[in-house]
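1. Below are the sequence and a predicted model; questions follow.
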Amino acid sequence: MPFPLVKFKQWTCDVMLLRYQNGRPALQLMDAATGEPIAKATVNLPDEYLPPNEVFIKNYGENEGILQSLIDAKIVAPAHRIVATGHSHVGQCRLIHEVE
């Protein structure tokens, strides 16, 4: 099942489900009109526990606001855990859509 469109800053985005090398899900936002990459919404923290249907959302720097955009589009649930990454914090969120 495809993800709903996401409004992030001035873009309307398709969301692509990718995989990190360790098999964890990654979310990439692509401009729905041009197909250009806009932002990678997730980060991979291999030393942190993560259930198969969850992601770590990067919501700082150029990605500020992306977590709320993904929540509004019903792609992820609100963060249920905050994880320190050394220089910032990321939210651990459950994907609302099933990930195979």
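-> Looks like it came in fine.
2. Find the residue at the geometric middle of the protein.
-> The centroid of the chain falls nearest to residue 41 when counting by C-alpha atoms, centre = their mean (3.7 Å).
3. quick one: pLDDT of the nearest residue to residue 44 once chain neighbours are set aside?
-> Sequence neighbours aside, residue 20 is the residue nearest to residue 44 in space, at 4.3 Å (criterion: C-beta to C-beta, 6 or more residues apart in numbering). For every residue, glycine as well, the C-beta is placed using N, CA and C. On the pLDDT scale, residue 20 is placed at 97.
4. Would you check that residue 44 makes contact with residue 24?
-> Yes: with contact defined as C-beta atoms under 8 Å, residue 44 counts as touching residue 24 (5.9 Å).
5. quick revisit: got a list of what the residue nearest to the centre of the chain touches?
-> Applying C-beta atoms under 8 Å, 6 or more residues apart in numbering, we find residue 41 in contact with 15, 27-29, 55, 57-58, 63, 66, 70.
6. what comes up buried for the top strand by length along the chain?
-> Counting residues, the longest strand found in the chain (DSSP state E) is strand 11-19. Across strand 11-19, burial judged by 16 or more other C-beta atoms under 10 Å covers 11, 13-15, 17.
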